[in-house]
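A.B. asks: Need the 3D shape of this:
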Amino acid sequence: VSQLVGDRMYIGNAAGCSSAYSGGAPILPYCKDNRGFGPAWEHSLFEDNAEFAFGFYHAQDAIRKEIIVRLEALKEAGVAAPAIDAYLANWEDKDQSRKVSDDLIAAMEAAEQTPETQFVLENKEYLAKKSVWAIGGDGWAYDIGFGGIDHVLAQNQDVNLLVLDTEVYSNTGGQSSKATPTAAVAKFASGGKHIAKKDLGAIFMNYGYVYVAQVAIGYDQAQTLKAIREAESYPGPSIIIAYCPCLEQHIKAGMSCTQSEMKKAVECGYWQTYRYDPRRTAQGLNPFQLDSPEPDTSKVMDYLMGENRYASLKNNFPDRADALYEKAVADIEARYKKYRKLADESAD
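C.D. replies: Have a look, this model is predicted:
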């Protein structure tokens, strides 16, 4: 994400693994380009990260709208009209706003220094269109911060959310979350979770105006990249749910094999990849695109047994393991059937 839009990116990062490796001084993953532009990152509380990032959006939006008022006054006074016209025509265009902002700054610097021109120059960092992101894990998105996420996405504003779904509370010791699937062993679900995973994406597709995508970069890098680009270009709210293998999943092959683990997860149907783009509806197209293929669910058990969070259930609770495994497979098949139906029926 930062490689695509890092030069104009605001990040609100929920407490968790992602904030640990994003803000773990002295080694930081973010940098600036040769002009000095780079992501503006800040760590947030676990429970209010969506609202925190939404505050970024509102703050810069208010300043930018005040800049517009000053520019219109300058234009009426005949000051730098061509540069102002170009900026006003493209200030919300993510591809053009940097160029017209640069041109406008040059025009303001060359103009007579009045309170209006000085205001524009003092706030020049806000001229370019920003890409606002709230980033965090499934504990934030599915559980503790869900109410805030729902509120922010429902506002129909240009804010993006990236959910790093490890299916467990990773940073605090591996507790079960609403993202934890059936039969998975975790703290507070030591006998295997007995209910299905919450379908976060389906909840937000119901709004009809939220861009929703589910990705697994280890299975399809191109689909992941396409989803990020579509979400960022969408002029409304977006949420991307990314499958993220984790140490707490106890993958038998080891954490060096997480990319292949994601590939196996999609191929057997454990994880689906899709994109829901509201813009397609106006074009008479199906907004929901199921990108993952028909799964081979006969491989589900092989996948589950490759992770100790599932395999340990058989060792510790053999009397209930088979029933939970059977339910886990049934839940996987039911979710794919629901997505397949959505992909087929929405086009009618």
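A.B. asks: per-domain residue ranges of this protein.
C.D. replies: 1-126, 166-344 (the TED database).
A.B. asks: Need these in TSV (columns: distance to residue 136).
C.D. replies: Placement of C-beta: from N, CA and C, glycine included. As requested, these are exported to TSV (distance: least, Cβ to Cβ, whole Å):
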stretch	distance to residue 136
domain 1-126	3
domain 166-344	10
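A.B. asks: List just the one of these that sits closest to residue 149.
C.D. replies: With Cβ to Cβ, the closest approach to residue 149 among the domains of the chain belongs to domain 1-126: 4.5 Å.
A.B. asks: Helix or strand for the closest residue to residue 218 other than its chain neighbours, just tell me which one.
C.D. replies: Closest residue in space to residue 218, ignoring its immediate chain neighbours: residue 262 at 2.9 Å, by Cβ to Cβ, 6 or more residues apart in numbering. According to DSSP states H and E, residue 262 maps onto helix 258-267.
A.B. asks: Now do the next helix or strand after that helix: which elements does it pack against?
C.D. replies: As assigned by DSSP H and E, the chain's next helix or strand after helix 258-267 is strand 274-276. Contacts defined by 3 or more Cβ pairs under 8 Å, 6 or more residues apart in numbering; DSSP states H and E place strand 274-276 against helix 200-205, strand 211-215, helix 221-233, strand 288-290.
A.B. asks: State the mean pLDDT of the longest one.
C.D. replies: When pLDDT is averaged along helix 221-233, the result is 97.
A.B. asks: can you list contacts of it?
C.D. replies: 1, 4-5, 94, 131, 160, 211, 213, 215-217, 238-240, 242, 273, 275, 277, 291 (Cβ atoms under 8 Å, 6 or more residues apart in numbering).
A.B. asks: for residue 13, helix, strand, or coil?
C.D. replies: Three-state assignment for residue 13 (DSSP: H, G, I helix; E, B strand; the rest coil): strand.
A.B. asks: Tell me who's in contact with it.
C.D. replies: Applying Cβ under 8 Å, 6+ apart, the residues near residue 13 are 19, 22-23, 41-44, 49, 134-136.
A.B. asks: which residue sits closest to it, ignoring its sequence neighbours?
C.D. replies: With Cβ to Cβ, 6+ apart, the residue lying closest to residue 13 is residue 19, at 4.5 Å.
A.B. asks: What of residue 49?
C.D. replies: Closest to residue 49 by Cβ to Cβ, 6+ apart is residue 14, at 3.6 Å.
A.B. asks: All the helices of the stretch 101-250 of the chain, in order from the start?
C.D. replies: 115-122, 138, 146-154, 200-205, 221-233 (DSSP state H, counting those that start in this stretch).
A.B. asks: And the ones you listed: which comes nearest residue 314?
C.D. replies: Using Cβ to Cβ, the nearest of these to residue 314 is helix 138, at 24.8 Å.
A.B. asks: which helices and strands does the helix or strand hosting the residue nearest to residue 13 pack with?
C.D. replies: Using DSSP H and E, residue 19 sits in helix 17-22. Judged by 3+ Cβ pairs under 8 Å, 6+ apart, helix 17-22 is in contact with strand 9-14, strand 40-44, strand 131-137.
A.B. asks: Just put those in a markdown table and tack on distance to residue 149 and mean pLDDT.
C.D. replies: Formatted as a markdown table, the helices and strands packed on helix 17-22 follow (distance: least, Cβ to Cβ, whole Å; pLDDT from 0 to 100):
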| stretch | distance to residue 149 | mean pLDDT |
| --- | --- | --- |
| strand 9-14 | 10 | 96 |
| strand 40-44 | 12 | 94 |
| strand 131-137 | 8 | 97 |
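A.B. asks: winner for burial among the ones you listed?
C.D. replies: Mean neighbour count (mean count of other Cβ atoms under 10 Å) peaks for strand 131-137 among the helices and strands packed on helix 17-22, with a mean of 27.
A.B. asks: ok so, going back, quick check: beta-bridge partners of the residue nearest to residue 49?
C.D. replies: Residue 14 has these beta-bridge partners by DSSP bridges: residue 44.
A.B. asks: Now do the contacts for it.
C.D. replies: Counting by Cβ under 8 Å, 6+ apart, residue 14 touches 44-46, 49, 134-137, 140, 145.
A.B. asks: follow-up on the earlier one: go through the helices and strands packed on strand 274-276 and pick out the most buried.
C.D. replies: Highest mean neighbour count among these (mean count of other Cβ under 10 Å): strand 211-215, a mean of 28.
A.B. asks: Tell me which strands it pairs with, and in which orientation.
C.D. replies: As assigned by DSSP bridges, strand 211-215 forms pairs with strand 238-243 (parallel), strand 274-276 (antiparallel).
A.B. asks: I'd like the ones you listed as CSV, with mean neighbour count appended.
C.D. replies: CSV is the format used below for the strands paired with strand 211-215 (neighbours: other Cβ atoms under 10 Å):
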stretch, mean neighbour count
strand 238-243, 25
strand 274-276, 24
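A.B. asks: If you count neighbours, what's buried in the helix holding residue 19?
C.D. replies: 17-19, 22 (16 or more other Cβ atoms under 10 Å).
A.B. asks: Of these, which pair is most distant in space?
C.D. replies: 17 and 22 (9.3 Å).
A.B. asks: And the nearest residue to residue 23 once chain neighbours are set aside, how close does it get to residue 20?
C.D. replies: Leaving aside its sequence neighbours, residue 23 sits nearest to residue 43 (Cβ to Cβ, 6+ apart; 5.2 Å). Using Cβ to Cβ, to the nearest Å, we find residue 43 at a distance of 9 Å from residue 20.
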